[in-house]
Every structure is written in structure tokens, then in C-alpha cells.
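Visitor: Sequence plus the predicted model coming up.
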Amino acid sequence: TYTRGLQYALLREDGLFLARYPAVPPGGIDRLDANTSFRRTVAANPKGGFYSSTSPVDQIERRYAIRRLGDTPLFLTAGIETATIRNEWIATMTSHLIFGIPASLFLFLTLLMVSQRTERLYSEIDRRSIAEDALRQSQKLEAIGHLTGGIAHDFNNLLTIIIGNLEPLQRKLANTDAKISRHLENAMHGAQRAATLTKRLLAFSRRQPLSPSHINTNKLMNGLSDFLQRALGEDISLDVVGNSSVWPVEVDAAEFESVLVNLAVNARDAMPSGGKLTIEANNFYLDDAYCRQHTDVMTGQYVQISVTDTGCGMSKDVIDRAFEPFYTTKQAGQGTGLGLSQVYGFVKQSGGHVKIYIEVGEGTTIKIYLRRFHGEAAL
């Protein structure tokens, strides 16, 4: 037993050895003084306890357990070498680790695999939800476009007849009664405004006649910058960021300029106290991941035109309806609600894509993606 590092002793409360195994060698210590761990443990807890100490008899570090024998002043102690405890623990843990590490590793890998599959599942659910929302929005705008286009087409035919009859009537009665001439002029002005409104509706429904040409977006924006600055006013600064390597696109230049003007005017109205408008053109690639979420656009190379203001931003409800014709957040009489719908129709009719990005209280960014034209730009 001793070879395993065990030690037993019967001691009196004052530290005197009454019996000990192994026996106290001749001339050895037969009493523990007041500074030993035994005496301090007994003083702190009269019923016994535990302590670690180096034996003054054989100079071996042990872990001791003390127990008082009934109500007597006698204590039984048992100690085991600290090295023995450590070796036994290592031997026991080694046998467990041989089987425990592979099992733990298998469990960890299983949990990791389940976690990754769960994450992919949630990601797929989110992706499908976004794609479904985008599809519903696209289908809604498509349905509105068909209805609007049919009405606008018929209305445009009626306006053609009205204007066609007013023009010769104006020429015929030009030198007659001034009152009649004024009435005819007002009628012509109203008909022309209605024709402009019809043109915007046809743009939304993608039925307006276009004359696409190969243009350099960078040059077109820079050429339009002075006009845009005058339209924005002095309280709003305009920054047109060009890119010498931007790809050419094939669109109707006049309608594209009208789109930029519409976006600038909308941005101006969103910044009544002033701010900054940034228009930037860059080359961009729409990948499969983006196109899976936006079913109305194809992968490929595009020119991205970003129009960013520092205005009040938009809520999600406003974004969902922003491209609908006649929808506006302005007060009555301050807007027709056809500006963004005309932008939407032109971009779609030109084979592109448009997206609104917002940060409420920070501003709005409208990004237009026009397909790259593989050739040299004429403008």
C-alpha cells in the first residue's frame, strides 16, 4: 500500500503521532507543530477537513483527509501522494479520450453539417421570398402597364383628331375675334398638355416610339450637367462623376436625358432645405445570384447610372408603389406622379433594369442598369 503513496496516521489534537503507517523512522518527527496544515485545519474545523501538504517525515507532497473520532481529541488522517492522484487521473482520462475525441469530433462535424444545411435552407427561403416579392411587383406593374397602355393609346388617337382639327381652325380664325382666338389657344394648350401626359403613360407601358442610338453615357451626363444645375437651384450642389472607360449603350438619347431630368427633379423635391445630388456612371456586371432575385433582368454587362440624393429617403411602402403611374407623395397639384413611372417604362423598353435603394433619413439612390453596347458610341 505504501508503494502507491498512501499514508495513515492517528494523531492527537495537539499534533502528537499516536500511530502511523509507515512508522515514524528512528529520530523522526513525532509531533506536528502549530504551523502545520494539520493543526491549522483542525483549528478552523474541529470535525476535520482536507488539505495538501509536504510531509515533514518523508518530504513527499500529499493530499490529506482528516476525520475526528467521535467526541475524542483523536483524529484519523489518510494521505495519498499528489503525483499518484495526477498519474491516476491521466491514465483514466487517456482511456476516455481514446474513445471520446473521435466521438466528440464526429458530433461536432455532424452539428456543423446540420448548421450549414440549416443556414443554406434559411438563405434559400429568404432568396425565394425576395424573388417572389420582386416577381409579384413586376407582375403588378406589368398588369398596370397593359391597362394604362391601352387607355393611353386610345386617348392619344382622340387627341390626334382634336389637335388635327384645332390647328387649321386656329389658322383660319387667326385674324378674327380675339376672344375666339384666345379660346382656341387655350384649347390647343390643354390638348398639348394632354398629349404630353399621354406620352408619359405610353412610356410607362413601353409603347412610346423610340429612336435608339449608340451613346457615351459619360459625355451625355456631362453635357446635361449645366441644365440640371439650373433645374436644381442654388441650394443643391450637383456632382457628376464620369468614367472615361464606361461602356457605350444603345438608347434613345432624348428620352434618356428626360429620365435624368425627372430623377433630378424628384431629388430636388426630396431636399427642400438643400443638399447634394450625385450622378455617377460605372461599368457593372449583374450575376446569376442577383438575377435569381429579380426575374425581369438577365445576367450580363451593364452600365450602371446611380442618382443619389441626401434627402429624406423613402419608406418601403412608398418604394413598392413608386413606379406606379399617378402615385405621388406630394400634395395635390404639385406633381402628376408620372416621373418615376416614365423612368421605369423607358428603362424596361430599353432592355434595362431599375432599382431603388433607400436609407430613411439619409437619402435615396436610384440605380439604372442599361445593357452594354458592343461597339463605339456615336454620341
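Guide: Received it, and whenever you're ready, just let me know what you need. Numbering: from 1, shown residues only.
Visitor: by contact count, what packs against the helix or strand containing N186?
Guide: For N186, the host element (DSSP states H and E) is helix 178-204. Packing partners of helix 178-204 (3 or more Cβ pairs under 8 Å, 6 or more residues apart in numbering; DSSP states H and E): helix 82-172, helix 339-349. Yep, even glycine has a C-beta here, placed from its N, CA and C like the rest.
Visitor: can I get these in a markdown table with mean pLDDT?
Guide: As requested, these are arranged in a markdown table below (pLDDT from 0 to 100):
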| stretch | mean pLDDT |
| --- | --- |
| helix 82-172 | 74 |
| helix 339-349 | 81 |
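Visitor: re earlier: tell me the mean pLDDT over the helix holding N186?
Guide: Across helix 178-204, the average pLDDT comes to 72.
Visitor: after that helix, next one along is what?
Guide: Next along the chain after helix 178-204, with elements defined by DSSP H and E, is strand 213-215.
Visitor: Pull up the pairing partners for the biggest strand by length in the chain, direction included.
Guide: For the chain, the longest strand by residue count, based on DSSP state E, is strand 275-286. Applying DSSP bridges, strand 275-286 is found paired with strand 236-241 (parallel), strand 300-309 (antiparallel).
Visitor: Run the angle between the longest one and helix 339-349 for me.
Guide: What that stands for is strand 300-309. 170 degrees (axes from the mean of the first three to the mean of the last three Cα atoms, to 10 degrees).
Visitor: Show me what the helix or strand N222 falls within packs onto, helices and strands only.
Guide: If you go by DSSP H and E, N222 is part of helix 217-232. If you count contacts as 3+ Cβ pairs under 8 Å, 6+ apart, helix 217-232 packs onto strand 236-241, helix 253-269, strand 275-286, strand 300-309.
Visitor: Now do the buried residues in stretch 345-363.
Guide: 345-355, 358, 363 (16 or more other Cβ atoms under 10 Å).
Visitor: Please tabulate the strands paired with strand 275-286 in a markdown table and include mean neighbour count, distance to P73 and mean pLDDT as additional columns.
Guide: Converted to a markdown table, the strands paired with strand 275-286 look like this (neighbours: other Cβ atoms under 10 Å; distance: least, Cβ to Cβ, whole Å; pLDDT from 0 to 100):
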| stretch | mean neighbour count | distance to P73 | mean pLDDT |
| --- | --- | --- | --- |
| strand 236-241 | 16 | 95 | 90 |
| strand 300-309 | 20 | 90 | 92 |
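Visitor: Mind putting those into JSON lines with distance to I279?
Guide: As requested, the strands paired with strand 275-286 are exported to JSON lines (distance: least, Cβ to Cβ, whole Å):
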{"stretch": "strand 236-241", "distance to I279": "5"}
{"stretch": "strand 300-309", "distance to I279": "5"}
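Visitor: The helix holding N186 to helix 339-349, inter-axis angle?
Guide: Using the same axes, to 10 degrees: helix 178-204 against helix 339-349 is 50 degrees.
Visitor: Off-centre distance for helix 178-204?
Guide: Distance, stretch centre to chain centre, for helix 178-204: 47 Å (Cα atoms, centre = their mean, to the nearest Å).
Visitor: What angle do helix 82-172 and it make with each other?
Guide: Using the same axes, to 10 degrees: helix 178-204 against helix 82-172 is 150 degrees.
Visitor: which residues touch stretch 279-296?
Guide: The contact list for stretch 279-296 (Cβ atoms under 8 Å, 6 or more residues apart in numbering) reads 127, 130-131, 134-135, 138, 217-218, 221, 228, 238-243, 245-247, 260, 264, 297-308, 348, 353, 355, 369, 372.
Visitor: hang on, M314 packs against I356?
Guide: Yes - assessed by Cβ atoms under 8 Å, M314 is found in contact with I356 at 6.9 Å.
Visitor: Which residue, neighbours along the chain excluded, lies closest to A19?
Guide: L10 (4.3 Å; Cβ to Cβ, 6 or more residues apart in numbering).
Visitor: Checking my notes, the one you found in a strand, right?
Guide: Yes - counting by DSSP: H, G, I helix; E, B strand; the rest coil, one finds L10 located in a strand.
Visitor: I'd like to check which residues are in contact with it.
Guide: Contact partners of L10, counting by Cβ under 8 Å, 6+ apart, are 17-20, 74-77.
Visitor: what about 10 Å?
Guide: Counting by Cβ atoms under 10 Å, 6 or more residues apart in numbering, L10 touches 16-21, 69, 74-77.
Visitor: Make JSON lines from these and add secondary structure and pLDDT to it.
Guide: JSON lines is the format used below for these (DSSP: H, G, I helix; E, B strand; the rest coil; pLDDT from 0 to 100):
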{"residue": "L16", "secondary structure": "strand", "pLDDT": "87"}
{"residue": "F17", "secondary structure": "strand", "pLDDT": "85"}
{"residue": "L18", "secondary structure": "strand", "pLDDT": "86"}
{"residue": "A19", "secondary structure": "strand", "pLDDT": "86"}
{"residue": "R20", "secondary structure": "strand", "pLDDT": "83"}
{"residue": "Y21", "secondary structure": "strand", "pLDDT": "81"}
{"residue": "L69", "secondary structure": "coil", "pLDDT": "91"}
{"residue": "L74", "secondary structure": "strand", "pLDDT": "92"}
{"residue": "F75", "secondary structure": "strand", "pLDDT": "92"}
{"residue": "L76", "secondary structure": "strand", "pLDDT": "91"}
{"residue": "T77", "secondary structure": "strand", "pLDDT": "90"}
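Visitor: Separate out the buried members of those.
Guide: Here, 16+ other Cβ under 10 Å leaves 17, 20, 75, 77 buried among the contacts of L10.
Visitor: which of the residues you listed lies closest to E324?
Guide: Closest approach between the buried ones among the contacts of L10 and E324, by Cβ to Cβ: T77, at 90.5 Å.
Visitor: That closest one against Q7, yeah?
Guide: Yes - counting by Cβ atoms under 10 Å, T77 touches Q7, with 7.8 Å between them.
Visitor: list residues touching both of the two?
Guide: 20, 62, 64.
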